Every structure is written in structure tokens, then in C-alpha cells.
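Peer 1: Give me a model of this one.
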Amino acid sequence: MTQRYQQLSMAEHSQHSGRASRANMLLEALRTLVLILVFYSFSITLTFYNKKYITLYPYPLSITVLHLCVKFLLAWLIRQVVEQLTGCHRLELCWAAYCRRVSPAGIASSLDIGLSNWSFEFVTVSLYTMTKSTAVVFILLFAIYLRLEEKRWSLVLVILLIAVGLFLFTYKSTQFHTGGFLLVLSASFVSGIRWTTAQVVTQRAELGLANPVDMIYHVQPWMVLVLLPLSVAFEGTEIATTANLFRASSATAAFGTVRILLVGAFLAFGLECSEYLLLSRTSSLTFSPCPCLASSRRSAPSSWRPASTMTSSTR
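Peer 2: Okay, the predicted model is just below:
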């Protein structure tokens, strides 16, 4: 009788555990779905916003540096507010871990964002989508190299099918520009380094950077360090003499430009938060189709626009 009772208890416990496990899986899937929807919202909005204003303010590197500085200040402000409310000090990495662990993700992120924004001067969003779809291949290669994923031919086939599908989806709606194509292809290569190293950082428990605000706070300085010299070298003179900002005809015009740039920075902050949250819950390989699919979703209306032309001989 006792043995029978124990068997029934074990069966009930197993059934209860199974239901709890399924409920947890469903909840986790729902959270991931919400994060993907948030990511899509920020990604689509920011791409159209950048495409519109990069042609009006053709200083992509300088705009990116401004966005990075604003994102760092927002992350710092949020950390300070949380510290005051909770009384707990936020994480500060030591210099050794900061340089060794965070710098690869920060440097690769800056190059990816900078090259992508720069390419919008020369290419349509559809050509950008077609070329940037190769990022999933580079992410797979670096994920295998860093041992984040096992080398499986089925996995390779799936990634190649995703890349080829995105390529074919936008193939007929492109206006080719060699310089822009090379910029986007370089961004795709760097994107492989960016997301795999970011996965290592966000998912390594001893670093404690799973929180996207903490991750942004630690990554942005590295990104500024890389892009600021390039911005000064390629766009410094033009930025200093442009009628859109420092030599604006009125304070109202200058503040209008600043307002436009700050809106883009806030959108970029929301996008990066959703990116790191997704990355900490999934993987770089699982996450990688999301930016490409978001780009393909917005490629159709943008394909009606002509590609913007080169506006300066210095770039």
C-alpha cells in the first residue's frame, strides 16, 4: 500500500512538474516574442528615420558619434536613478576585464553601425537589405570559431537558406552602387564579430552585463573611441562650417537640427536595449535573422526611392 502511494505521489509530482515546465516555456516564448516585436518597432522606425535624414544631413559618422554619446548619458542617468532608488551600487568592471572582454564588442559595434549609416548615403534600403543578409553567414562562422555553436551541416544549410532567401527577396528592387555595396558588406563582416562577442559578454555570469543598460554603459566609450577620430578626419571641417548646425541662419534652425538628431539617438537607445535583451535570452545565431527580416519588411516601400548620391568628395 505504501509503495502504491509513493508511486502515485511520484506520478502526480512528475505531472505537476511537466505542467510547470510547459508554463515556463510558454512564458519565456511570450517574453521573447514581445522583445522581437519591440525590436522590430525600433528597427523599422530608426531605419526610415536614418534614411530620411542622412540624405539631408550627410554626416553619418558624426551623427553616429552623437548617438553614442547620448546613449551613454542615458545609460549613466538610468544607473544613477536606480542607485538612488535602491541604494545598491551598479556594476563597474575593472580595467582588465573592461579592456579584454568588452572592447571587442564595442569596437565591432561601432564599425558595424558607422559603416551601415555611411552606406545609406549611397544605397537604397533594398540593396542594404540584400547585402546585409550575408551577416548571418559571418555570425555562423564566428559562432563556430568561438565555440558558441557546434559545427553542424544542417545548421549551415539553414543559415545559407535564410541568407539566399533574403537576397532573392530584394534582388529585383536594387540600384547597385559599388562603394555602398562594399560598405554594407564590410558592415556584415564586422556584424559577425559584433554579435558573437556581445553574446559572450552578456551571457557570461561573472561579468554581470546581462542588463542592457549596464551593457550600453560599458560598450559606448569603446565605440566613441573608434568613431570619433574617423568623424573628425572625414567630416570635421564640413560639420564646423555647415549651415545646418554651427553656422545656422538662426538659433531656431540650429535647435531644429539638434532635435532631429536627438530623436534618432533616443530611438537608437531603445533599439540597442531590445537587441541586448534578445541576445541575453537567445543567441547571436538565433537573433541574427531578426535585423535582416526587419530590413526586408521595410525594403518594399523604400525601393521606390532613388539611391542618394555622393555628396562630398572627402567620403
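
Peer 1: Give me the neighbour count for L141.
Peer 2: Number of residues near L141 (other C-beta atoms under 10 Å) recorded here: 17. Where you see a C-beta, it was placed from the backbone N, CA and C, and this is true even at glycine.

Peer 1: From W153, how far out is the closest residue in space to it that isn't next to it in sequence?
Peer 2: Nearest non-adjacent residue to L141, counting by C-beta to C-beta, 6 or more residues apart in numbering: G192, 6.3 Å away. Distance from G192 to W153, counting by C-beta to C-beta, to the nearest Å: 19 Å.

Peer 1: What of V102?
Peer 2: Distance of V102 to W153, computed by C-beta to C-beta: 34 Å.

Peer 1: more crowded one of the two?
Peer 2: Legend: neighbour count by other C-beta under 10 Å for V102 and W153, higher for V102 (21 against 7).

Peer 1: Quick check: the more buried one touching V219?
Peer 2: Yes - using C-beta atoms under 8 Å, V102 is in contact with V219, at 6.1 Å.

Peer 1: Name the residues contacting each of these two.
Peer 2: Between them, V102 and V219 share no contacting residue under C-beta atoms under 8 Å, 6 or more residues apart in numbering.

Peer 1: The stretch 1-150 of the chain: strands as residue ranges?
Peer 2: In order along the chain, the stretch 1-150 of the chain carries no strands (DSSP state E, counting those that start in this stretch).

Peer 1: which residue ranges form the helices in it?
Peer 2: 2-56, 60-86, 95-97, 103-119, 125-132, 135-145 (DSSP state H, counting those that start in this stretch).

Peer 1: With distance to E238 and mean pLDDT as extra columns, can I get those helices in a markdown table?
Peer 2: Shown next, in a markdown table, are those (distance: least, C-beta to C-beta, whole Å; pLDDT from 0 to 100):
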| stretch | distance to E238 | mean pLDDT |
| --- | --- | --- |
| helix 2-56 | 14 | 71 |
| helix 60-86 | 9 | 90 |
| helix 95-97 | 36 | 86 |
| helix 103-119 | 14 | 85 |
| helix 125-132 | 23 | 77 |
| helix 135-145 | 30 | 83 |
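
Peer 1: Which stretch among the ones you listed is buried most, on average?
Peer 2: Comparing those by mean neighbour count (mean count of other C-beta atoms under 10 Å), helix 125-132 comes out on top with a mean of 27.

Peer 1: just checking, what packs against that one?
Peer 2: helix 103-119, helix 153-169, helix 178-203, helix 289-297, helix 299-302 (3 or more C-beta pairs under 8 Å, 6 or more residues apart in numbering; DSSP states H and E).

Peer 1: what's stretch 95-110 in contact with?
Peer 2: 64, 68, 93, 190-191, 193-194, 197-198, 200-201, 204, 207, 209, 218-227.

Peer 1: Ok, stretch 199-213 next?
Peer 2: Outside stretch 199-213, the residues that touch it by C-beta under 8 Å, 6+ apart are 75, 78-79, 91, 93, 97, 101-102, 105, 143, 146, 148, 214-215, 218, 272-277, 279-280, 283-284.

Peer 1: Cool, thanks, talk later.
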